[in-house]
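1. Turn this into a structure:
(one chain, ligands or ions: 2)
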Amino acid sequence: MIAQASQEWGFFQVVNHGISQDVLLKMRKEQMKLFKKPFHEKMNDKQLNLSAGSYRWGTPSATCLQQLSWSEAFHVPLTDISNSIHHPTTLSSTMEHFATTVSELAHNLARILSERMGYKSKYFREICLPHTCYVRMNRYPACPISPQVFGLMPHTDSDFLTILHQDEIGGLQLVRDGKWISVKPNPEALIINIGDLFQAWSNGVYKSVEHRVVTNKAKERFSTAFFLCPSYDTEIRSCFEPSVYKRFTFREFRQQVQEDVKKYGYKVGLPRFLMSTH
Ligand SMILES: O=C(O)CCC(=O)C(=O)O
Ligand SMILES: [Fe+2]
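-> Numbers count the residues shown, from 1 in each chain. Ligands and ions are numbered 1, 2, ... in the order given. Okay, here's the model as predicted:
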């Protein structure tokens, strides 16, 4: 069923995911506390021992309101979390627990999806190590000029797969048959979506679907995401021939995305790596 959903929708929601509500709620509570800190503390968070640039807000490359994402986020590589365990805080130990549990689920899902493609291997366990995966905590403040601006601009995820936990507010939308549809919020569920790398690896069978977040006029919203990513040197190639995409390393993919964002203001993504047809 999950393989079918990954082919048709690129997204699915699971309720019996095996991660306790306790872990999810504690994570949410710590995340809310973190975002409540004053701006200058979030910008230079020494307590957390995070790498520079883990706190982000808005869209640095935006040149007009339509390109601005009305949100703030902490983008935390799993290694940062385990490093901060030497000086543990409630936040770091909660994040550590969340990340290890959700990472295990991500690996299990990746294994099931790859087995469905006829692959029985430790491929994802070998290439997606803790230092290359990350957790992203998002906060979408209430937006007085909603719906003029997005909470998060339309995008596809540049990873193998993403596991997302959202609160009860709603706002996540995905493309289906050319139309935007809303994902019904269920704080007990986890949302799984296929990223660009799984689409390339599965030769286009599993779909990396465009999604966005719309703003809410009255209420703030929180979500927490786990991204299953390989090391930069990993070569992504399709698991069967003839291949739709050229081979590329994750580094090449990221560089191309950054170049396109700079040049055109948006990510072109996988179509850049299509095999030429002549
Ligand atoms: O907050 C959400 O619902 C979506 C977040 C998301 O798409 C992302 O962080 O890539
Ligand atoms: Fe996303």
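
2. Only C-alpha atoms from now on, for both contacts and neighbour counts.
-> Noted.

3. Run through who's touching the host helix or strand of residue 27.
-> If you go by DSSP states H and E, residue 27 is part of helix 21-36. By CA atoms under 8 Å, 6 or more residues apart in numbering, the surrounding residues in contact with helix 21-36 are 42, 90-91, 94-95, 97-98, 137, 139, 165, 188, 222-224.

4. what's the farthest-apart pair in the residues you listed?
-> Using CA to CA, the two most remote members of the contacts of helix 21-36 are 42 and 188, lying 28.4 Å apart.

5. Let me know the helix or strand that residue 175 is in.
-> Secondary structure (DSSP H and E) places residue 175 in strand 172-176.

6. Please name every helix or strand in contact with that strand.
-> strand 179-182, strand 211-214 (3 or more CA pairs under 8 Å, 6 or more residues apart in numbering; DSSP states H and E).

7. can you tell me if that strand touches ligand 1.
-> Yes - Strand 172-176 comes into contact with ligand 1 (CA under 6 Å from any ligand atom), by way of residue 172.

8. Can you give the distance from that strand to the centre of its chain?
-> In terms of CA atoms, centre = their mean, to the nearest Å, the centre of strand 172-176 is set 15 Å apart from its chain centre.

9. quick one: contacts of that strand?
-> Residues contacting strand 172-176 (CA under 8 Å, 6+ apart): 9, 180-183, 209-214.

10. which parts of the stretch 101-250 of the chain sit against ligand 1?
-> 157, 172, 213, 223, 225.

11. Mind doing that once more with 8 Å?
-> Within reach of ligand 1 by CA under 8 Å from any ligand atom, the stretch 101-250 of the chain has these residues: 136-140, 152, 155-157, 162, 164-166, 170-173, 211-213, 222-225.

12. Tell me which stretches of this protein form helices.
-> 2-8, 21-36, 39-43, 78-83, 90-115, 123-127, 196-201, 250-264 (DSSP state H).

13. Tell me which of these sits most buried.
-> helix 196-201 (a mean of 25; mean count of other CA atoms under 10 Å).

14. other SSEs contacting that helix?
-> strand 235-236.

15. Look at residue 171 and say how many residues are nearby.
-> 22 (other CA atoms under 10 Å).

16. doesn't residue 211 make contact with it?
-> No - using CA atoms under 8 Å, residue 171 is not in contact with residue 211, being 10.4 Å away.

17. so how far is residue 14 from residue 250?
-> Distance of residue 250 to residue 14, given as CA to CA, to the nearest Å: 28 Å.

18. for stretch 140-151, which positions count as buried?
-> 140-143, 149-151 (16 or more other CA atoms under 10 Å).

19. Mind listing residues that contact it?
-> In contact with stretch 140-151 (CA under 8 Å, 6+ apart) are residues 65-72, 212-222.

20. go with 6 Å
-> 66, 69-71, 213-221 (CA atoms under 6 Å, 6 or more residues apart in numbering).

21. possible to save those as TSV with neighbour count?
-> Listed next are these as TSV, based on neighbours: other CA atoms under 10 Å:
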residue	neighbour count
66	11
69	23
70	23
71	23
213	22
214	23
215	29
216	22
217	13
218	11
219	12
220	15
221	21
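
22. between these, which is nearest ligand 1?
-> Nearest to ligand 1 among the contacts of stretch 140-151 is residue 213, at 5.9 Å by CA to the nearest ligand atom.

23. Hmm, residue 152 and that closest one touching each other?
-> Yes - contact status for residue 213 versus residue 152: in contact at 4.8 Å, counting by CA atoms under 6 Å.

24. Any regions of the stretch 101-250 of the chain where pLDDT drops low?
-> Within the stretch 101-250 of the chain, no stretch has pLDDT under 70.

25. at 80 what do you get?
-> Residues of the stretch 101-250 of the chain meeting the criterion pLDDT under 80: 120-121.

26. quick one: whatever residue of the stretch 51-200 of the chain ends up closest to ligand 1 from residue 214, how far?
-> Nearest to ligand 1, among the residues of the stretch 51-200 of the chain, is residue 172, at 4.6 Å (CA to the nearest ligand atom). Using CA to CA, residue 172 is found at 7 Å from residue 214.
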